[in-house]
Structures are given as C-alpha cells and as structure tokens.
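Colleague: okay, predicted coordinates and the sequence, questions at the end:
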Amino acid sequence: MVNPVKLFTSKKIEFIFLVGICLIGAYLRLRDVTLANLWRDEMTSLSYYNEDFRFSEVLRASLADRFPPIHNIFLWLSFKIFGSSIAAGRGVSVFFGAASSPLFYLVSYEYNKSKLSAYLSVALAALSTFLIFYSKDMRPHASLLFFRWRLITIC
C-alpha cells in the first residue's frame, strides 16, 4: 500500500507549483497572440526573414539590424517550418518568453538561496504584463531576455 504522505512530498508539490506557474505564463503569452495586427517593425521582420530567403540572406539582413542575429535565425526557421504567418513569427517570442520564467527561478535561488524568493521571482516573471506584452511581439526582446538569463545561469 502506498503511503499518501510520501506520495506528495514537498519536492513534488514544488515541482507541480513551478510547472503550473510556467504553464499559466505560457497560456497568457499564447492567448490572443494573433489578435493584434502587425506593426511596422513586425512587418519588417516578416519581409526580411520569410521562408523564401536562404540562410546567407538572413545573415546579411541581420547585419543591418541593431539586435544580435540569433532571433532572426530562429524567426527564419519558424517561417521555414510553419510558413510566413503572424502566429509563426510571434510564436518564436512566445516560446522564448515562456522559457524565461524557469530561468528566473534558477537565478533567484542561486543568488538568494531562498526558495520563497525563487517562487516569487518565477511567479512575477510568468505573470508580468510587461514580459507578456513583449513576448507577443515579433521583435527579439523575449529572446534577448532568455539568452541573458541563460548566460547568468551558466556563469
């Protein structure tokens, strides 16, 4: 017979909480992602990195952009796989925005050694309207946030 107390250990509850918060954050980023029309910078991204371009053309177009080319490469890959659409373009930012939330937990716990501050930081990252807004944009803000936080977790 399985002991119900051992079945729901604190580590399992913590994991379920973290996954739940991250899923809620991903849902908030995905909700109505294609509702708003494209604006100027997004149209530029859509025209520069569509699926008809070769990889060398994407790199050449990325040099004219002030942001690092990693987002543009992922954007081009997304267009190659899913076609040139609003959902495919904004999906890259949604992915990186949602994937940033667990990194907030890792960094906060690493520096503060407090699970409470780590839980609060992941909840704030997952539910932040500012981060959600930038995760629904076809520009590289969410991917820059993800790679910066990932770099912090490596160092």
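Modeller: Structure's in. What do you need?

Colleague: going forward, measure contacts between C-alpha atoms and count neighbours the same way
Modeller: Fine.

Colleague: any weak-confidence spans in the chain?
Modeller: 1-9 (pLDDT under 70).

Colleague: for residue 142, which non-adjacent residue is spatially closest?
Modeller: residue 97 (5.0 Å; CA to CA, 6 or more residues apart in numbering).

Colleague: pretty sure residue 74 sits against residue 92.
Modeller: Yes. Using CA atoms under 8 Å, residue 74 makes contact with residue 92 at a distance of 6.9 Å.

Colleague: look at the two and report which has more neighbours.
Modeller: Neighbour count, other CA atoms under 10 Å: between residue 74 and residue 92, residue 92 has more, with 26 against 17.

Colleague: pull the residues that contact the helix or strand hosting residue 57.
Modeller: Using DSSP states H and E, the element containing residue 57 is helix 55-63. Residues from elsewhere that reach helix 55-63 (CA atoms under 8 Å, 6 or more residues apart in numbering): 48, 49, 68, 69, 72, 73, 76.

Colleague: run the last query once more with 7 Å
Modeller: Helix 55-63 has contacts (CA atoms under 7 Å, 6 or more residues apart in numbering) with 48, 49, 69, 72, 73.

Colleague: the residue nearest to residue 142: which element?
Modeller: With elements taken from DSSP H and E, the one containing residue 97 is helix 86-112.

Colleague: helix/strand/coil for residue 71?
Modeller: What DSSP: H, G, I helix; E, B strand; the rest coil gives for residue 71 is helix.

Colleague: how far away is it from residue 48?
Modeller: According to CA to CA, to the nearest Å, residue 71 and residue 48 sit 12 Å apart.

Colleague: and what of residue 102?
Modeller: 31 Å.

Colleague: next one: residue 39
Modeller: 14 Å.

Colleague: cool, and residue 132?
Modeller: Distance from residue 132 to residue 48, by CA to CA: 25 Å.

Colleague: which one's more surrounded, these two?
Modeller: Between residue 132 and residue 48, counted using other CA under 10 Å, residue 132 has the larger neighbour count: 24 against 19.

Colleague: which helix or strand contains that one?
Modeller: Here residue 132 is assigned to helix 129-135, by DSSP H and E.

Colleague: please consider this matter closed, and thank you.
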